[in-house]
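>>> Can you look at this prediction? I've put the sequence above it.
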Amino acid sequence: MVRMLISAGIYVLANAVGLFVASLLLGESFSFTAKGFVVATLLLSAIEALAGPLIEKMSEKNLPALKGGVALVTTFVGLLITNLIVGGMQIHGASTWLLATILVWAGALIATLVLPMLLTKKAVEKRREG
């Protein structure tokens, strides 16, 4: 149970990193209010967690070539639904949608790999001190 909560926390943090990176690099065409960022992070994480397996299952049956891009499609769907629901989130232009999808996906992927190492390192250091 604890592992599952830690995993979910890292997933949400990774999406927060992805959204933050995209907003830094895309500027005004991909923006949030502070409240919008928090809500968008939580909602995007929930949508991706629910839509990911569904999109993967649909791609296996109908579009096998899509299998490698399921994570990108899931990120796009998550951004689309989140943008429709969250008032404090703005995405303008087709190129921004494309770049935001790639940047959020890549940022979250890298954060998913790096965050556990950083958190483990801090926990070990804390344990040695205490």
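Now that the structure is in, tell me what you want to look at.

>>> Which residue ranges of the protein form strands?
The residue ranges that make up the strands of the chain, judged by DSSP state E, are 30-32, 89-91.

>>> can you redo those as CSV with mean neighbour count and distance to Trp105?
Where you see a C-beta, it was placed from the backbone N, CA and C, and this is true even at glycine. Output for the strands of the chain, formatted as CSV (neighbours: other C-beta atoms under 10 Å; distance: least, C-beta to C-beta, whole Å):
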stretch, mean neighbour count, distance to Trp105
strand 30-32, 20, 14
strand 89-91, 19, 14
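
>>> okay, the ones you listed in TSV with mean pLDDT next?
Supplementary listing: those in TSV, determined by pLDDT from 0 to 100:
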stretch	mean pLDDT
strand 30-32	93
strand 89-91	93
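
>>> Of these, which is nearest Thr112?
Of all the strands of the chain, it is strand 30-32 that lies closest to Thr112, at 20.6 Å by C-beta to C-beta.

>>> by contact count, what packs against the closest one?
Strand 30-32 is packed against helix 2-26, strand 89-91, helix 94-129, with contacts defined by 3 or more C-beta pairs under 8 Å, 6 or more residues apart in numbering; DSSP states H and E.

>>> Swap in 6 Å and give it another go.
Counting contacts by 3 or more C-beta pairs under 6 Å, 6 or more residues apart in numbering; DSSP states H and E, the secondary-structure elements packed against strand 30-32 are strand 89-91.

>>> Sheet-wise, list the partners of the strand it packs on with their directions.
Strand 89-91 has its sheet partners listed here by DSSP bridges as strand 30-32 (antiparallel).

>>> Show the contacting residues for the residue nearest the centre of the chain.
In the chain, the C-alpha nearest the mean C-alpha coordinate belongs to Asn15, at 2.9 Å (C-alpha atoms, centre = their mean). With contacts defined as C-beta atoms under 6 Å, 6 or more residues apart in numbering, Asn15 is in contact with Thr41, Leu44, Ser45, Ala108.

>>> now swap in Thr101 and tell me
The neighbourhood of Thr101, defined by C-beta under 6 Å, 6+ apart, consists of Thr75, Phe76.
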